[in-house]
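Asker: Dropping the sequence and predicted coords here.
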Amino acid sequence: MCESTFTFGQRGSHFFQCPTRRDLYVSSSKTSISLADLLASSTRLPTKLSSLLLSTQLQLVHHVALGYEDSFLITWRDVRGLERIDSYGLPPELSEFLHTRDAQQRYVRHVPAIQCSFGPYNESFFAHDGTSYRWMNLPGKLLSALQSRIVDGNWTDSPRLVELGADHDFVLITGNHALIWNLDHYKALSNLLTAAVPRKDGIMDIQSVALHAYRFGSFVIHVQNGTITHENVPQHSTPGLHAIVAAIISDTEAAKQKPLVRRESNIRSSLQRQSSNLQQRTQIRREWSEHKNQFTAQAKGIKLSISLSIGVNGIARLLG
């Protein structure tokens, strides 16, 4: 399996990445470049994000999400091996969720696993780190699908992938391979997903979906065999996308040839986690009564902001 990132922002920005390639162009007054090259390779990323991506301190990019105007989220590892989160222009509810630290000033979230999707104008979002989830102002159909999978604070089928698009459009794939979507403005993708539903492995094979929230019909879908399907991607983003597609095909083939090896250190870590399960369950029970649904009233109506945190053996708790 080849990991990949595809994301689109409101001001024509995009970020594409796979293990061996990152589509990045940043203009510089010190660099001579033709107009044709500029139009072909420009990612139109926010200046702050572009500078960070060119930093000599950056070792690995985990995830990037682009939003309204110059807003963005990036999770990354620096050359010292420290996990980092940088962002700009995020909704306060999301920023609080992501940047919370413990008493030792360590991130509470598991940074390498963080995933985030913005709806139009950042008025909605869905974010998680694999165990804790926060969302706000989700489309009604998506919210109902999530709520129906929470019983007594426990996930019965946790979300694996959530992608928000234009208006009320979205894609949801759960851990048990349920596929729910509303794609009024992405008909080609809706047809692809309809064809995938009868085949359970068709849903399992979907690795990522990217919806352009500001361009009807624009999407990228990546399946585990390395196939990338896309439509109506902005013209200035197309050369970068084609380059990433070629790299993903190569990376996927390379990954198939690597044998899976379970290292001794991984075995020790697994045993340590098992021995601490009882302590974690005790902690979850102690915190359970302190958590609740969070509702915030706004002038335009009701804004729903909910957090869920899943503990050991799938136990979930509501964070207030």
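Answerer: Alright, I've got the coordinates. Because the structure is predicted, anything quoted here is derived from the model rather than measured. Numbers count the residues shown, from 1 in each chain.

Asker: drop to CA atoms for contacts and neighbour counts, all remaining ones
Answerer: Fine.

Asker: Now do stretch 225-243, average pLDDT.
Answerer: Summarised as a single mean, pLDDT over stretch 225-243 is 93.

Asker: which intervals of the stretch 101-250 of the chain have sub-threshold pLDDT?
Answerer: 200 (pLDDT under 70).

Asker: please redo it, this time with the cut-off set to 80
Answerer: 200-201 (pLDDT under 80).

Asker: where along it do the strands fall?
Answerer: 115-118, 125-128, 132-136, 150-151, 154-155, 159-164, 170-174, 179-182, 206-211, 219-223, 228-231 (DSSP state E, counting those that start in this stretch).

Asker: export those to a markdown table and tack on distance to residue 8 and mean neighbour count?
Answerer: Compiled in a markdown table, the strands of the stretch 101-250 of the chain are given as follows (distance: least, C-alpha to C-alpha, whole Å; neighbours: other C-alpha atoms under 10 Å):
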| stretch | distance to residue 8 | mean neighbour count |
| --- | --- | --- |
| strand 115-118 | 10 | 25 |
| strand 125-128 | 14 | 24 |
| strand 132-136 | 19 | 22 |
| strand 150-151 | 31 | 13 |
| strand 154-155 | 30 | 20 |
| strand 159-164 | 11 | 22 |
| strand 170-174 | 15 | 22 |
| strand 179-182 | 19 | 18 |
| strand 206-211 | 8 | 22 |
| strand 219-223 | 9 | 20 |
| strand 228-231 | 13 | 16 |
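
Asker: which stretch among the ones you listed comes nearest residue 103?
Answerer: Evaluated over the strands of the stretch 101-250 of the chain, closeness to residue 103 peaks at strand 132-136, with 18.6 Å, by C-alpha to C-alpha.

Asker: Surely residue 155 is in contact with residue 147?
Answerer: No. Residue 155 is not in contact with residue 147 according to C-alpha atoms under 8 Å; the separation is 9.0 Å.

Asker: coming back round to it: of all the strands of the stretch 101-250 of the chain, which one comes closest to residue 93?
Answerer: Among those, strand 132-136 sits nearest to residue 93 (C-alpha to C-alpha), with 8.3 Å.

Asker: what's around residue 47, how many residues?
Answerer: Counted with other C-alpha atoms under 10 Å, residues neighbouring residue 47 total 12.

Asker: circling back: so which of the strands of the stretch 101-250 of the chain is nearest residue 45?
Answerer: Nearest of the strands of the stretch 101-250 of the chain (C-alpha to C-alpha): strand 115-118, 16.0 Å.
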